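1. Fold the following, please.
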Amino acid sequence: MTNDFICIYTQTEQAQEWTAKYRACLPVFACVLGFTETGLIPGISAAGRTPEDRKYTACADAEFLYYGSIHKPKYPLPPLAAGASPVLISRAVVEALNIPVYLFNAGLPQPPAVPAIDLGGYPAQCLSQGAAMELATVHHLFKQGLVWGERLSSKTENRYFILSECVVGGTTTALAILTGLGIPAGGKVNSSHPVCNHEQKWAVVQAGLLKIWERGESEFKLSSAHLLSCSPVPIDPLELVAAVGDPMQVVVAGMAIALSRSCGVLLAGGTQMLAVYALMCAIAQAYTLSWRPEEVVIGTTRWVAEDPTGGTIELARLVGRSSITPDGVAPSLLATGLSFTNSCYPQLRAYEQGFVKEGVGAGGACIAAHLSRGWQQHQLLQAIEAQLEQYQKNSELRTYNSESNQA
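-> Predicted coordinates for the structure are as follows:
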């Protein structure tokens, strides 16, 4: 279903009520930065051409989101095989609408060169080991999420929060969390590749989940052939994150639970935010925490929601049918109708070929631009293209100056 420039795929009535409630409201934009060594596996992600590039993607995106292209970056945006970083989309919106931005470091290999709130987390190891993070760190990060959610909600009135993320390799950790919670997500997640690398992701997830289930004392003996059809061994959701997750997931889950009690929450992303939503449900159930599911929606891009090599809409419905979801209700999944078909920039037209698709809350930012200012296709495209043009000019100028100084 289409509501003006916003496509609604699941829970239409709730989504319409949510968008009506927060129409004309200016949101607050928060981005939680994290890192998992899963993202360094060759070919696992296209958010950086090489594994070395991907070490700095989150820092680069945070710097561009906060300062824009005029600022000389410590961490330049990494080269991509095709397309342009989705942070150009998010930056275009937050700059034009003057949206407040909060950055959180949930666990990066190096501190970002921006004013970011350090949550005291650590980068996750590759999930294939089944021991991604220390359980104490996960509990600490979840509490930090709750604390900051309560703190931020006390500063807002008649607003909603966009909770976004930047974690390279995050769709693979999302697959691990969803599968570990008993949701058959195999073959349904998205990726930054034009054709999702499902087999590679699944092999990594199988390895990690088998390790934790083999360590358990359950009577069930799961083989890789059974993972798609058998229910997993019951596991504490925070222990699951410690085993196969990443630091962003548990922070955003805590923030969203706390924020939902007093204001709206737009989980800005695709597969990763579906995993966060499922995690919220499981944590609230396991630890008897109150929250308001009707205040939480998931917002992404059309390229994610309608990705022919994924199954985002079906995945949202599967989350709703799982035993962890309140009253068996699927999360509301929305997407911006933004198109780059007629863009004059090939880097943007690459999105229509399946490259990049989403990241750094790009889809949520576009939804916010429509809700608060009534922006349609032409306003968004104009702002994004202007952002890309400015970025290219400044990059070329810095390159020229650098070469001139060397000469």
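2. my read: Tyr67 touches Val114, true?
-> Yes - Tyr67 is in contact with Val114 according to C-beta atoms under 8 Å; the separation is 7.1 Å. To be clear about C-beta, it is placed using only N, CA and C from the backbone, and glycine gets the same treatment.
3. Of those two, which one has the most company?
-> Val114 (20 against 14; other C-beta atoms under 10 Å).
4. Find the nearest non-adjacent residue to Ala62, please.
-> Nearest non-adjacent residue to Ala62, counting by C-beta to C-beta, 6 or more residues apart in numbering: Pro112, 4.5 Å away.
5. Could you give the secondary structure assignment for that neighbour?
-> Classification of Pro112 by DSSP: H, G, I helix; E, B strand; the rest coil places it in coil.
6. Would you map the strands across the chain?
-> 2-3, 6-8, 28-34, 101-107, 117-118, 160-166, 264-268, 296-301, 332-336 (DSSP state E).
7. out of those strands, nearest to Leu371?
-> Distance to Leu371, taken as C-beta to C-beta, is lowest for strand 6-8 among those, at 7.8 Å.
8. hmm, who's touching the closest one?
-> With contacts defined as C-beta atoms under 8 Å, 6 or more residues apart in numbering, strand 6-8 is touched by 1-2, 15-16, 19, 302, 305, 332-337, 367, 370-371.
9. per-residue confidence averaged over it?
-> Strand 6-8 carries an average pLDDT of 96.
10. low-confidence ranges in the stretch 1-150 of the chain?
-> By pLDDT under 70, the low-scoring segments of the stretch 1-150 of the chain are 1-4.
11. got the residue ranges for the helices in it?
-> For the stretch 1-150 of the chain, helices defined by DSSP state H, counting those that start in this stretch occupy the ranges 12-22, 51-54, 57-67, 87-97, 135-153.
12. Now do the last one: everything it contacts.
-> Helix 135-153 is contacted from outside by 28, 30, 102, 104, 106-107, 117, 119-122, 161, 238-239, 241-242, 245, 247, 250-259, 261-263, 283, using C-beta under 8 Å, 6+ apart.
13. If we use 7 Å, what do you get?
-> With C-beta atoms under 7 Å, 6 or more residues apart in numbering as the test, helix 135-153 has contacts from 28, 106, 119-122, 161, 238-239, 241-242, 247, 250-259, 262-263.
14. Run the chain-centre distance for that helix.
-> Its chain's C-alpha centre and that of helix 135-153 lie 18 Å apart, by C-alpha atoms, centre = their mean, to the nearest Å.
15. so where's the stretch 301-407 of the chain uncertain?
-> Looking at the stretch 301-407 of the chain by pLDDT under 70, you get 397-407.
16. what do you get if the cut-off is 50, keeping everything else the same?
-> 400, 403, 407 (pLDDT under 50).
17. where do the helices sit along it?
-> 302-305, 312-321, 346-349, 362-373, 377-406.
18. Looking at those, which one is packed in the most?
-> Ranked by average neighbour count under the criterion mean count of other C-beta atoms under 10 Å, the helices of the stretch 301-407 of the chain are headed by helix 362-373 at a mean of 27.
19. Summarise which helices and strands that helix is packed against.
-> helix 87-97, strand 160-166, strand 264-268, strand 296-301, strand 332-336 (3 or more C-beta pairs under 7 Å, 6 or more residues apart in numbering; DSSP states H and E).
20. Could you export these as a markdown table, including distance to Gly208 and mean neighbour count?
-> Below are these laid out as a markdown table (distance: least, C-beta to C-beta, whole Å; neighbours: other C-beta atoms under 10 Å):
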| stretch | distance to Gly208 | mean neighbour count |
| --- | --- | --- |
| helix 87-97 | 29 | 25 |
| strand 160-166 | 20 | 29 |
| strand 264-268 | 24 | 30 |
| strand 296-301 | 24 | 30 |
| strand 332-336 | 26 | 27 |
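21. Nearest to Gly34 among those would be which one?
-> From the helices and strands packed on helix 362-373, taking C-beta to C-beta, the stretch that ends up closest is strand 160-166, at 7.1 Å.
22. ok, now how distant is the nearest residue to Glu134 once chain neighbours are set aside from His140?
-> Computed as C-beta to C-beta, 6+ apart, the closest residue to Glu134 that is not its neighbour in sequence is Ala242, at 6.7 Å. Distance, Ala242 to His140, using C-beta to C-beta, to the nearest Å: 11 Å.
23. Name all residues that make contact with Asn190.
-> Taking C-beta under 7 Å, 6+ apart as the criterion, Asn190 is in contact with 171, 196, 270-271, 304, 307, 310, 312, 357.
24. redo that, cut-off 10 Å
-> Contacts here follow C-beta atoms under 10 Å, 6 or more residues apart in numbering; on that basis Asn190 touches 171, 174-175, 196, 269-272, 274, 300-301, 303-305, 307, 309-312, 315, 354, 357-358.
25. buried subset of the contacts of helix 135-153?
-> Neighbour-count burial (16 or more other C-beta atoms under 10 Å) is assigned, among those, to 28, 106, 119, 121-122, 161, 238-239, 241-242, 247, 250-259, 263.
26. mind listing what Gly311 touches?
-> For Gly311, the contacting residues are 185-190, 196, 198, 271, 317-318, by C-beta under 10 Å, 6+ apart.
27. same thing but 7 Å
-> 187-188 are the contacts of Gly311 under C-beta under 7 Å, 6+ apart.
28. What separation do you get for it and Tyr9?
-> From Gly311 across to Tyr9, the span is 12 Å (C-beta to C-beta).
29. same check, this time on Leu26
-> Per C-beta to C-beta, Leu26 is found 25 Å from Tyr9.
30. And Leu135, by the same measure?
-> Noted for Leu135: a distance of 35 Å to Tyr9, by C-beta to C-beta.
31. Repeat that for Leu274.
-> 12 Å.
32. What about Leu80, how many residues nearby?
-> 19.
33. cool, and the one 4 residues further on?
-> The local packing count at Ala84 equals 25, with neighbours defined by other C-beta under 10 Å.
34. same check, this time on Ser154
-> Number of residues near Ser154 (other C-beta under 10 Å) recorded here: 10.
35. returning to what we had before: looking at the helices of the stretch 301-407 of the chain, which is nearest to Val87?
-> helix 362-373 (7.5 Å).
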